[in-house]
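> Okay, here's the prediction I keep looking at, along with the sequence it came from:
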Amino acid sequence: MLLAVTQGLGPVFSWFFWITFAAGLGWLLWMSITGREVERRIIFLFMGLTVSGAVLAGIILPVQETTVVRNVFDTIEGLSEGDRVLLSLDYDPSGAPELEPMAKAVSQHCFEKKLKICYMTLWGTGGAMITDVIALAKVDFPDLVYGDDYCNVGYRAGNEAVLRVIASDFRKTFPTDVSGTSLDSLSVMNGILNCADFKYIVAIGSGRPGIKEWVEYVVEPSGALMGSGAAAVSAPQLYPYYPQQMNGMMGGSKGASEYEKMLRRVYPKFKSSRAQATEIMGPQTVAHVFLMLLIVFANISYFLAKKRKGASA
Amino acid sequence: MNRKVLIPIASIIVFIGFVLLKLDWDGADRTHELWEALEVTAGGFLTLMIFSFLYKDNAFYKFAEHLYVGISAAYWMCVGFWSNLAQQAIPHLSQSLSEALGQPFLGYIWHYWIPVALGLILLTRLLPESMKIGWISKWTLAFIVASTAGLFITANLQANFIAQIASTMSLPLLPDWTGFGDFLSNFDLSYEGQFVKMFSNWVIIIGVISGLVYFFFSKEHTGWFGRVSRLGIWVLMVTFGAAFGYTVMGRVSLLVGRLTFLFRDWAGVIG
Amino acid sequence: MKRTIPILITFITGGIIVLAEFIPPWAILREHVLIYFQIIAVFAFFLGGGSLLKINCQKVVRKREDWQFAIVTLVGFFIMLALGLFKMGNPEMVDLGFAADLNASGSWFKNVFDAVKAPLSASMYSLLAFFIASASYRAFRAKNSDATVLLVSAFIILLGQTFVGVVSTGWMPEWMSFFKVENLSLWLLAKANLAGQRAILIGIALGIISMSLRVILGIERTHLSGGDE
Amino acid sequence: MSQPNQNSPFCKIFPTLLSALFLFTILASSPKTLFAQDAETSVIDSTLENLVPIPARPANVKAKDHVYDIGEKVDVSWELSPDDTTGLRNVVGYIISRRLDTASDFDSVGAVFSRIASLTDIGLTKGESYQYAVTAYTSAGAVSETSVSNSVTTEQEWFDGDKFWQVLLLVIIAGSVAYFIYHAKKGKPMFLRKIAGLQAVEEAIGRATEMGRPILFIPGIHDMDDVQTIAGMTILAKVAKQVAEYESRIFVPTRASLAMTAARETVREAYMTAGRIDAYRSDDIYYVTDEQFGYVAAVNGIMTRDKPATCFYLGAFFAESLILAETGNSIGAIQIAGTAMPAQLPFFVAACDYTLIGEELFAASAYLSEDPKQMGSLKGQDVGKVVAMAAILIGAVLATLGSEEGMNIETFNSAFHAFWGVFGGGE
């Protein structure tokens, strides 16, 4: 009942909302021109309203594909059936809105290509993330068999120490999978002795240990081929490693939505699956515009204040 | 009754009310349904409690903060125990214990007692300071610090020093050069064009070098050296600007994720 | 004795790790050291949990300010600890006993994680979106040349990610496509940003190498200080 | 070694081989495959010959001890069979087997696809002699004759020659650091440029004392297993000493338990040096939680409730940088930050009063230690920078003249590749 009322009021409400919002922006500009301080809580309120409005309106915007993301896609596309891929999910629920779509899309892609995935994590919270991603991937592939199509070796504490050991000997650190089954009895891990034995490594992470550490402690010593999915914040600092030390990178939800787009272009069956990252892009763009306005307002206010000061002096 | 009692009780009643609203007894698996309802309601409440900090510090935020601290510390202990101790150390130390924990015994290795001993030494920190035994934990500290310092040296040398130099030095100053005349007659400013490629290589090489000059410590930044260092600061500022702009994107998407949860899963206003 | 042993441990451990990179037969030594490290890392979590317990118990016993909230911490701590250590309500326990995946879907540990810890950490992280707005408004002002450079570069990147920017330069012909906002922002990120990041990276690498060297050689030993004599 | 283990070549290779064979049989026999053309010809050819064609064998099999290992690897190479992926006798792969010189039978150790002419066998015993045999096989399952290699004895090397240049560069950097430390120890004067944030430290502590408010110090969110945290601790030692002298109060919440341990010792030592050990409170330095945002939530609480006048953020930071800096700003604290996390620097630069950028953090810890040896090491670092800059310049000039992308002048080409190779540049 309540839902029906809100939906019925939807259009009216949304017009009312945006008009009020525009008026609010006008007020903000007026405050800036007259050189008055705006309290930060008001800025918070505006930010919340902008994003809420955009989420409720459900804006979806097109994304453009870029090479750096396409490289990851093409590498997986080029692998053949039965090849093994290592997927490391080094994030926690806080980074999940950005990174889970990547993990999901890469898993879907690999399972569609009949590749075998070994999941691992360097973050204590990553174990729960692996459970979630496998559950998401199983929606489209309900017949996956544990041990034959994928496996989960779980978490080890020790950050760089873990990476440096698995670069040369995977089983020293992970003798068994997450529930104590020896890796020898899992066909996914058959013949995998170190990281370089995986045809491709995809590290999806948002901090330390994360992609930077994968490059430093696995790619450099073992020469493994790696692609990555990075939180938007760490993407700029990872550019020095591209393309020599990692052949592709998905940066933030933009990268994830590009990957989702490519996946749906090549495999239309995924069109019915929820494109989580693409949903984020619309509200995000709206928020960008708002932030640019804020910066412009702030500078107008600053210059006018300086001019006033200059005139009075 | 004072406020200190009233507010918590009222909150609990409201919480239960919201759980009941969310409950959907149609399903066959009732425990599962209850967990679902609890999960979504708790998620919504806790999200709002954290957001209330934006207005000002308050009791709800304090509650969420303290709950978070307690739960997460225990979380890390459990995860660490089951992953590294139960799966890595114990299967090499004790057959009976590893079988009790459901792990296959992987063969006895005596020197795995060393890290266990070092770990226990670390826990002497928890004893009262008056026992004067805490100093022994420095052995473990020394071990931890030294092994990462060792790893850091070679990893940084390979990945962040040598490899970065190699990637920079392989950029030609005149890429795809076919002669000056050709360069002028086919001059264009397209993104894939030769001029942009050349310009980019120059920017990278000069940028890296001037940035390094800025980090020079043992020379006064004056004269030409100071001017190059000034350029270095600008390069760093462009970098910071780019990083800032790109980061905004990530930050907003986290908020979008949270609000989507609130509107979709909790309040159910969008489909 | 109290001072020399830690320094000796530092020197030997660090030395093994560095040299093993160049001496193939030592690789096995390095691997052992690193596995020790992984095992010790867990005891650090225990130390953390223990300290937390100690501090909060003291708070409650001595009735310090906000001691009621310390009880919240303790209750959360013990509930989570019990759920995790005994793998309570874990559906995989039926078949696997204690070998079951701690995070198996449906286990109470994972349920509490999803219900409490996940929303808390995600909400805490998303506060950043608000703070970035206030920081943009307050701090991004063209006060001097440095700040202006930073501002302009950030602005172009932002512009490149929105339709406003793409539309405003869409009229440009192909031969000057470099100046299209989306290309310009891509260029800033992939080239100019790269130069700065690389300079920072090389500098940091040198800083870390020299700092680590000082640690291993025992010149830098603040972390081992403390007069217990 | 009596028990079969997972490293046994048989265990790892047999299933691979089987699945490879299976895969290729399917691919080659179905009409619409990648090999459609070959399949067609094979139909015509087989009517002509009506035989199972045996492919020619791979020639010239060579076994060589793998260099720079502990005597557990052998490199096997051969010449491709003339029938490799051509025509009817379509070779789709090679089977490699080995035996101890003393043994009579060959055991399969691996298989590779067509067009591959080498394999590194691993898991061998040092000092033993081995022989290898290589056989080609076709999609129809026909197997060629076997070619046998020379006998090879595995050897262990004590130095990894592939890393010669790396060692040399490490020696140059480490050597110059060590040299200048030695130089400084002898008391030679040394010029070091100013670092803006550092001069503000004392002033900031003084301000907190005047206001009668505490100081908050965060040594990053990493444990002691990060050099940045150690740099933070060194600065903490200096700050704590001043705090003790000024009779102010310092809070150090940490995210990691080891960092707490180290911070307690550091601060206690500082109070002792200042002669005010009675004022030291170990409860002010405490562990919060390993959870990143749980920690941030708690620190936010501390800031809004205790209202420190000065906040130091020195160490490794991630997303919390801006949360901390903005909250600190809202309570009007002076903020001094420093980190080697490039992603977080913009936020500190924007929101804090002073920021130590990247390498400056390490430099600062050396400055503040007031130890000439530490300062000497800074000059050593500068030598590393000179090496980097020179290498980039020389390399860029050579690349311009010699590389395929540049002017591609023959004489400079080899020079460029040689120089690039020193820095690990590959093809």
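It's in.
> what's the burial count for whichever residue of the stretch 101-250 of chain D sits closest to chain A?
Distance from chain A to each residue of the stretch 101-250 of chain D (CB to the nearest CB) is smallest for D:Asp225, at 6.5 Å. Glycine gets a C-beta too; all of them are placed from N, C-alpha and C. D:Asp225: 25 surrounding residues under other CB atoms under 10 Å in any protein chain shown.
> contacting residues around A:Thr121?
By CB atoms under 8 Å, 6 or more residues apart in numbering or on different chains, the residues touching A:Thr121 are A:88-90, A:127, A:129-130, A:154-155.
> ok, and the most crowded of those?
A:Leu89 (33 neighbours).
> so D:Val76 is in which element?
strand D:74-79 (DSSP states H and E).
> So which elements touch that strand?
Helices and strands touching strand D:74-79, as assessed by 3 or more CB pairs under 8 Å, 6 or more residues apart in numbering or on different chains; DSSP states H and E, comprise strand D:59-65, strand D:91-100, strand D:118-121, strand D:129-138, strand D:147-153.
> Next, format those strands as CSV and append mean pLDDT, mean neighbour count and distance to chain C.
CSV is the format used below for these (pLDDT from 0 to 100; neighbours: other CB atoms under 10 Å in any protein chain shown; distance: least, CB to the nearest CB, whole Å):
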stretch, mean pLDDT, mean neighbour count, distance to chain C
strand D:59-65, 87, 17, 13
strand D:91-100, 85, 22, 21
strand D:118-121, 82, 17, 14
strand D:129-138, 88, 22, 19
strand D:147-153, 88, 16, 17
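> and the residue of the stretch 101-250 of chain D closest to chain A, how far is that from chain B?
4 Å (CB to the nearest CB, to the nearest Å).
> Is it correct that that residue is in contact with A:Ala157?
No: using CB atoms under 8 Å, D:Asp225 is not in contact with A:Ala157, being 10.7 Å away.
> Okay, helices next: where are they in the stretch 51-200 of chain A?
A:67-78, A:96-112, A:126-140, A:160-168, A:170-173 (DSSP state H, counting those that start in this stretch).
> Against the centre of chain B, work out the most remote residue.
The C-alpha centroid of chain B is most remote from B:Gly181, which lies 52.0 Å away (CA atoms, centre = their mean).
> and the helices of the stretch 51-200 of chain A as TSV, adding mean pLDDT and distance to B:Phe225?
Output for the helices of the stretch 51-200 of chain A, formatted as TSV (pLDDT from 0 to 100; distance: least, CB to CB, whole Å):
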stretch	mean pLDDT	distance to B:Phe225
helix A:67-78	93	36
helix A:96-112	93	42
helix A:126-140	93	47
helix A:160-168	91	36
helix A:170-173	89	48
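> Nearest to A:Tyr242 among those helices would be which one?
helix A:67-78 (6.4 Å; CB to CB).
> So which bits of the closest one are buried?
Judged by neighbour count using 16 or more other CB atoms under 10 Å in any protein chain shown, the buried positions of helix A:67-78 are A:68-69, A:71-73, A:75-76.
> near chain D too, which of these?
Checked against chain D using CB under 8 Å from any CB of the partner chain, those give no members in range.
> quick revisit: can I get the helices of the stretch 51-200 of chain A in CSV with distance to B:Ala117?
Listed next are these as CSV, based on distance: least, CB to CB, whole Å:
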stretch, distance to B:Ala117
helix A:67-78, 44
helix A:96-112, 38
helix A:126-140, 28
helix A:160-168, 18
helix A:170-173, 20
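> Tell me which of those helices lies nearest to A:Leu29.
Comparing the helices of the stretch 51-200 of chain A by CB to CB, helix A:96-112 comes nearest, at 31.1 Å.
> any residue of the closest one up close to chain D?
No: Helix A:96-112 does not reach chain D (CB under 8 Å from any CB); its nearest approach is 11.2 Å.
> For the nearest residue in space to D:Met211 that is not next to it in sequence, what are phi and psi?
In this structure, D:Met211 finds its nearest non-sequential neighbour in D:Ala309, 4.7 Å apart by CB to CB, 6 or more residues apart in numbering or on different chains. The phi/psi pair for D:Ala309 (degrees, to the nearest 10) reads phi -80, psi -20.
> any idea how far D:Ala309 is from C:Thr162?
40 Å (CB to CB, to the nearest Å).
> got it, and D:Tyr354?
Where C:Thr162 is concerned, D:Tyr354 sits at a distance of 33 Å (CB to CB).
> buried set for the strand holding D:Val76?
Buried, per 16+ other CB under 10 Å, within strand D:74-79: D:74-78.
> Quickly note the distance from the residue farthest from the centre of chain B to chain D.
15 Å.
> repeat for B:Ile205
5 Å.
> Run a quick neighbour tally on that residue.
Neighbours of B:Ile205 (other CB under 10 Å): 22.
> Let me see the contact set for the residue lying closest to B:Gln103 once chain neighbours are set aside.
Nearest residue to B:Gln103, sequence neighbours excluded (CB to CB, 6+ apart): A:Gly180, at 4.5 Å. For A:Gly180, the contact set (CB under 8 Å, 6+ apart) comprises B:87, B:102-104, C:96, C:99.
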